[in-house]
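Engineer: Next one to model:
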Amino acid sequence: MLNKNFGIEIEFTGITRNEAAKVAAEYLNGTVTDTGDYYDTKKITTADGRVWKIMSDGSISCQKKQGRQKVAATREYSVELVSPILTYQGDIETLQELVRRLRKVGAFTNNSCGIHIHLDGADHTARSIRNFVNIIASKNDLFYKALQIEPSRIGYCKKMDEILVEKINRKKPKTLAQIESLWYEGYSESTNRHYHSSRYHFLNLHSFFNGNHTVELRGFNSELHAGKIRSYIVLALALNNQALTQKCASAKKPQVENEKFAMRTYLNRIGFIGEEFANCREHLTTHLDGSAAWRFRAA
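Structural biologist: Here you go, the predicted model:
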């Protein structure tokens with residue numbers, strides 16, 4: 001499940017874009033290019049030719065620390081780290097260390113910040129995309145509680161559209177073009193628009209159909225905790241693998257008597273097995289009610 005490429009966008013504040021670019025360039029041993037574009041993008045090019053970006057994002061509520069307090073700050077403190085194409089085995093430690101260094105110099109997140117994970121869509125078919133839609137739909141409630149998605153961010157990562165889910169499962173589209181038609185049905189705006197309204201869901205397929213051919217997962221509060229970021233990435237890769245490899249998936253929401261047990265057993269089923277993923281399981285179940293060890297309280 002860890003073999004697919006991915007990219008990540010991490011929003012934060014607390015330091016300026018110039019400060020963030022300096023930290024990234026020093027750690028990655030890269031050179032900084034200031035593009036001067038609308039997003040004030042700073043490109044950090046590394047020796048292997050890959051480009052990391054530091055840019056602004058209009059949805060971030062900018063703050064900085066003043067003593068022990070956090071106070072309002074200028075738009076220079078709106079920072080989004082955009083990674084190049086990454087692999088888990090080759091890049092997860094580099095990403096985690098970069099996050100630690102940004103936090104060390106004063107970067108922090110607030111409830112306006114999010115994390116978006118892009119998954120390589122090259123191997124997806126109509127079957128696997130339909131699976132992905134159903135997997136997210138069936139686990140909507142559990143995921144939103146486990147990930148503690150901020151109410152102020154719901155507008156940027158809404159739950160799976162129940163009407164879309166019903167149409168996909170009733171019509172059973174056999175081609176990606178048919179799924180694309182259903183995805184955009186009901187929207188009046190041009191599908192070529194980058195900030196298309198359909199993108200603001202936990203599962204974003206606008207990036208797949210009219211972007212860089214990636215499946216985007218948007219349902220993560222931003223974090224500068226390296227372990228939590230790793231757990232989000234592993235979850236995204238595992239969900240992607242489940243969609244690709246499972247013959248079919250149901251959108252039906254399971255009956256959950258014990259949230260923590262349900263999440264633990266589900267994570268084990270999709271690949272979170274063994275000591276390697278113990279911290280990931282802990283991060284993804286800590287906010288759920290119940291017992292991870294026993295399904296029923298009487299037991």
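
Engineer: Going by C-alpha atoms from here, please, whenever you check contacts or count neighbours.
Structural biologist: Noted.

Engineer: So which residues make contact with stretch 32-42?
Structural biologist: Contacts made with stretch 32-42 from outside it, assessed by C-alpha atoms under 8 Å, 6 or more residues apart in numbering, are listed as 17-18, 21-22, 25, 43-45, 53-57.

Engineer: What segments of this protein are strands?
Structural biologist: Ranges of strands in the chain, per DSSP state E, are 6-12, 31-34, 42-45, 51-55, 63-66, 69-72, 79-82, 114-120, 203-204, 214-221.

Engineer: So for the fifth one, mean pLDDT?
Structural biologist: On average, the pLDDT along strand 63-66 is 96.

Engineer: For that strand, buried residues please.
Structural biologist: Within strand 63-66, the residues that count as buried by 16 or more other C-alpha atoms under 10 Å are Gln63, Lys64, Lys65.

Engineer: could the residues you listed be laid out in a markdown table, adding distance to Glu93?
Structural biologist: Below are the buried residues of strand 63-66 laid out as a markdown table (distance: C-alpha to C-alpha, whole Å):
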| residue | distance to Glu93 |
| --- | --- |
| Gln63 | 28 |
| Lys64 | 27 |
| Lys65 | 28 |
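
Engineer: which among these gets closest to Ile8?
Structural biologist: Of all the buried residues of strand 63-66, the one sitting nearest Ile8 is Gln63; the distance, using C-alpha to C-alpha, is 22.3 Å.

Engineer: Pretty sure the closest one sits against Phe12.
Structural biologist: No - using C-alpha atoms under 8 Å, Gln63 makes no contact with Phe12, being 9.3 Å away.

Engineer: burial of Ile44, as a residue count?
Structural biologist: A count of nearby residues for Ile44, using other C-alpha atoms under 10 Å, gives 24.

Engineer: Find the residue closest to it in space, skipping its chain neighbours.
Structural biologist: Distance criterion C-alpha to C-alpha, 6 or more residues apart in numbering; nearest residue to Ile44, sequence neighbours excluded, is Val32 at 4.6 Å.

Engineer: measure that neighbour to Asp48 for me?
Structural biologist: Using C-alpha to C-alpha, to the nearest Å, one obtains 14 Å as the distance from Val32 to Asp48.

Engineer: Perfect, that will be all.
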